[in-house]
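[1] Please work out how this folds:
(chains A and B)
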Amino acid sequence: MSAKAYPGQEAIKEKGWLAAYKWLILRRASQLIILLLFLLGPWFGVWIVKGNLTSSLILDVVPLSDPFILLQSLIAGHVAASTAIIGAAIVMGVYLLLGGRVYCSFVCPMNFVTDVSRWIAKRFDLPKGWKPARETRLWILAAVMIAAFVTGVMAWEMLNPVTVLHRGLVYGLSYTWTVALAIFIFDMVVSRRGWCGHLCPMGAFYGLIGSVSLLRVSAKRRTACNDCMDCFAVCPEPHVITPALRGANTGTGPVILSGDCTNCGRCIDVCSKDVFEFDVRFNNAAPANEGRADTDAVSTDRHAA
Amino acid sequence: MGEPVSPQASAQKTAVSRRRFLANIARAAGGAGALSLVVGLFARQAQSLPAQALRPPGAGNEDQFLAACVRCGLCVRDCPFPTLGLADIGEDVPVGTPYFVARRHPCEMCDDIPCVKACPTGALDPNLTNIDEADMGLAVLVDEETCLNFQGLRCDVCHRVCPLINEAITLQSSHNTRTDKHAIFIPTVHSDKCTGCGKCERACVLDKAAIRVFPRHLAKGRIGEHYRLGWEEKQKHGGESLAPGLVDLPDRLPSQLPDALKGWKP
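    This is a model prediction of the structure:
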């Protein structure tokens, strides 16, 4: 049990501290740098990026727009001007290459809030609480689009905590902390990882992109797996690991294909056996003669433990 | 792994799982429907804009604007004045949308309209290239009782700061019945020219402005569709009366006075 509260101990011993936190550090750096880039303008007058995550302009030349927001706008009845469409195409292109929910793990400011909430909840061994069905966020995504269609305005953007948080941080709006706090408390008390893992329609949207995106995590050396379960313990979407890691006997390939995977790379960090690495989705042939005779025995062990 | 299952048991299992599947779908769809209703209702309520909140130039009607504006704030960034800001949580304005309050800081009517150029989605209409054609609202002289000009004084400040002086605001003179020898110069807003920039409201010297800019739908009356103004119709008809053969009916005077009134002269 303690191993699950502090996963990755073995990896730290085997690979060293830095290697065992590599992707987590890179991820936090990415979140911080992206936020700082947006803040350089308003704080120091250095306008590398202008705007916020819904739409921005880099060096006064390259437009970026959030395709999730623009889709709502379209469904609400507005055909956006070409600048925003080009911006959304660039953003779509990037996530089609890097993985849809890379937005969630490397960009979104709410991720830090929910990660801290989860970290504390785990340390204090709080109950996990409500666990909504896996497809709940897809239904919420549908509801968001229906609301936009029926009202003719971007209804969800009246309360979208993600865009409200980022906009508030960049534009220094005073009550921004309230949404962060609301999500923080919700995740801690009502449903662990409830927001990012089950409800956020933005995550659902980027997950759909992720289900066809190029860069994926692959359990390439899954034969080396010693079933320490550390990857499951750190993974924000543990169900995505199973088919890839345990697919040897069913002939399933080693690549994590589920769009729910955020490509956060934490499984790569905590694995002392270096089972995981980033790869492209097409390198998914299950190697021959890979089946592990002891798979069943191990899983029985797991239940016993 | 599994024992071979009889086709009967398998069919039963399928039926159960299908029932569960359909139940789950129904529940999820119901949930999504309810949620979209809640979000929709909330949006309906949240989108009512207070009268003193004005949209940047080119914003068009509020519903269109809220379908188009992604709330990125690029218009705010490119506004060279402290005019535009984004709505915070808890304000009456839909969260994150750009607006200005004329009394705080009016639109300075930049010739190049940088806020419109900055808008990536077209929520601020890119076809607006002449700021004098902007329609952010309409100035209304709301309080004749405190307006200094109405008291017969020559304040004239709203008139003089108007970027479209003598077009959007004119001074109409009339007789001052209090002194009986002076004129009153009434600031009069012309809705076809007023852009709603709010400079008049900002400049009004009173503690609380007597002239204020409101969104046009709040500021403007509308005459009935069927209503015809005789003098306008006459002009349209080349000066001809619309009812040329109009008979001048006799004034209604009592033709036969009762006896009691005999000899009475009106």
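[2] Strands along the stretch 1-150 of chain B, start to end?
    Ranges of strands in the stretch 1-150 of chain B, per DSSP state E, counting those that start in this stretch, are B:53-54, B:85-86, B:98-101, B:138-141.
[3] and the helix or strand harbouring A:Y206 with chain B, contact?
    In the assignment (DSSP states H and E), A:Y206 maps to helix A:201-210. No - Helix A:201-210 stays clear of chain B (CB under 8 Å from any CB of the partner chain), getting no nearer than 9.7 Å. Using the backbone N, CA and C atoms, a C-beta is placed for each residue, glycine as well.
[4] quick one: average pLDDT of that helix?
    In this model, helix A:201-210 has a mean pLDDT of 94.
[5] Point out the other helices and strands that that helix packs with.
    On a contact count with 3 or more CB pairs under 8 Å, 6 or more residues apart in numbering or on different chains; DSSP states H and E, helix A:201-210 meets helix A:67-75, helix A:82-98, helix A:136-151.
[6] Quick one: closest of the strands of the stretch 1-150 of chain B to chain A.
    Proximity to chain A (CB to the nearest CB) singles out strand B:85-86 among the strands of the stretch 1-150 of chain B, at 5.2 Å.
[7] Is that closest one positioned near chain A?
    Yes - interface with chain A: strand B:85-86 contributes B:L86 (CB under 8 Å from any CB).
[8] do you know how far the nearest residue to B:A203 once chain neighbours are set aside is from chain A?
    Among residues not flanking B:A203 along the chain, B:V161 sits closest, at 4.3 Å (CB to CB, 6 or more residues apart in numbering or on different chains). Distance, B:V161 to chain A, using CB to the nearest CB, to the nearest Å: 29 Å.
[9] ok, B:V161 touching B:K199?
    Yes - judged on CB atoms under 8 Å, B:V161 makes contact with B:K199 at a distance of 4.7 Å.
[10] of these two, who's got more company?
    Using other CB atoms under 10 Å in any protein chain shown as the criterion, B:V161 and B:K199 rank with B:K199 on top: 25 against 17.
[11] returning to that earlier point: in a markdown table, list the helices and strands packed on helix A:201-210 along with distance to chain B, mean neighbour count and mean pLDDT.
    Listed next are these as a markdown table, based on distance: least, CB to the nearest CB, whole Å; neighbours: other CB atoms under 10 Å in any protein chain shown; pLDDT from 0 to 100:
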| stretch | distance to chain B | mean neighbour count | mean pLDDT |
| --- | --- | --- | --- |
| helix A:67-75 | 5 | 23 | 94 |
| helix A:82-98 | 4 | 18 | 93 |
| helix A:136-151 | 4 | 22 | 90 |
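[12] do you know which of the ones you listed lies nearest A:S218?
    With CB to CB as the measure, helix A:82-98 is the member of the helices and strands packed on helix A:201-210 nearest A:S218 (14.8 Å).
[13] Please compute how far that closest one lies from its chain's middle.
    Distance of helix A:82-98 from its chain centroid, counting by CA atoms, centre = their mean, to the nearest Å, is 18 Å.
[14] Show me what that helix is in contact with.
    A:55-56, A:62-67, A:70, A:80, A:102-103, A:206, A:209-210, A:212-215, A:263, B:70, B:120-122 (CB atoms under 8 Å, 6 or more residues apart in numbering or on different chains).
[15] Now do the next helix or strand after it, average pLDDT.
    On the C-terminal side of helix A:82-98, the closest following helix or strand by DSSP H and E is helix A:102. Across helix A:102, the average pLDDT comes to 94.
[16] so how far is helix A:102 off the chain centroid?
    6 Å.
[17] tell me which strands and helices it is in contact with?
    By 3+ CB pairs under 8 Å, 6+ apart, helix A:102 packs against no helix or strand.
[18] Now the element after it, going C-ward?
    helix A:110-123.
[19] Identify the residues contacting that following helix?
    A:5, A:28, A:31, A:104-105, A:161-162, A:165, A:180, A:183-185, A:187-188, A:192-193, A:195-196, A:200, A:236.
[20] Contact partners for the closest residue to B:V39 other than its chain neighbours?
    Of all residues beyond its chain neighbours, the one nearest B:V39 is A:A147 (4.2 Å), with distances taken as CB to CB, 6+ apart. Contact partners of A:A147, counting by CB under 8 Å, 6+ apart, are A:155-156, B:35-37, B:39-40, B:43.
[21] Just the buried ones among the residues you listed, please.
    Buried by 16 or more other CB atoms under 10 Å in any protein chain shown: A:155-156, B:35-36, B:39-40, B:43, out of the contacts of A:A147.
[22] low pLDDT regions in the chain?
    Unless you meant another one, I'm taking chain A. A:1-5, A:288-305 (pLDDT under 70).
[23] was after chain B, sorry
    Residues of chain B that meet the criterion pLDDT under 70 lie in B:1-7, B:9, B:46-47, B:246, B:253-258, B:260-266.
[24] could you show me where the helices are in it, in order?
    Applying DSSP state H to chain B gives helices spanning B:7-46, B:62-68, B:74-78, B:114-118, B:157-161, B:199-203, B:216-219, B:230-236.
[25] Mind putting those helices into CSV with distance to B:V142?
    Shown next, in CSV, are those (distance: least, CB to CB, whole Å):
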stretch, distance to B:V142
helix B:7-46, 26
helix B:62-68, 21
helix B:74-78, 28
helix B:114-118, 27
helix B:157-161, 12
helix B:199-203, 10
helix B:216-219, 9
helix B:230-236, 28
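[26] Most proximal residue of the stretch 101-250 of chain B with respect to chain A?
    Closest contact between the stretch 101-250 of chain B and chain A, by CB to the nearest CB, is at B:G122 (3.4 Å).
[27] Wait, that residue touches A:A81, no?
    Yes - B:G122 is within contact range of A:A81, at 3.4 Å (criterion: CB under 8 Å).
[28] between the two, who's got more neighbours?
    Neighbour count, other CB under 10 Å: between B:G122 and A:A81, B:G122 has more, with 22 against 18.
[29] residue contacts, that one?
    A:78, A:80-81, A:84, B:68.
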